[in-house]
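Enquirer: got a structure for you, letters missing:
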């Protein structure tokens, strides 16, 4: 059981990193590292889905990490 939880945490961590990198505003990944000077806009369409997916993945990562502490 513990190995399954560790494996699932590793998969979730990779998914979280990818989702956070894709979240960059404006020009995609280019704006994540200093590009663009856009004004604030609301998130629409795919940006909103990526944000919610990342939030859920982070929450699952936290819950599974806490469960992993108590599993023998």
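Expert: Cool, the structure landed. The shown structure was predicted, so the numbers you read here are calculated from the model rather than taken from an experiment.

Enquirer: please count neighbours and contacts with C-alpha atoms only from this point.
Expert: Will do.

Enquirer: count of neighbours near the nearest residue to residue 47 once chain neighbours are set aside?
Expert: Spatially, and ignoring its direct neighbours in sequence, residue 47 is nearest to residue 23 (6.7 Å; CA to CA, 6 or more residues apart in numbering). Residue 23 has 19 neighbours, counted by other CA atoms under 10 Å.

Enquirer: what does residue 10 give?
Expert: 13.

Enquirer: residues making contact with stretch 49-66?
Expert: The set of residues external to stretch 49-66 that reach it, using CA atoms under 8 Å, 6 or more residues apart in numbering, is 5, 9, 12, 13, 15, 16, 19, 20, 22, 23.

Enquirer: buried among these? Make that a PyMOL selection.
Expert: PyMOL command restricting the contacts of stretch 49-66 to the buried ones, with burial defined by 16 or more other CA atoms under 10 Å:
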select buried, resi 5+9+12+16+19+20+22+23
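
Enquirer: mind picking out the helix or strand in the protein with the poorest mean pLDDT?
Expert: None of the helices or strands of the chain scores lower by mean pLDDT, DSSP states H and E than helix 29-32, at a mean of 52.
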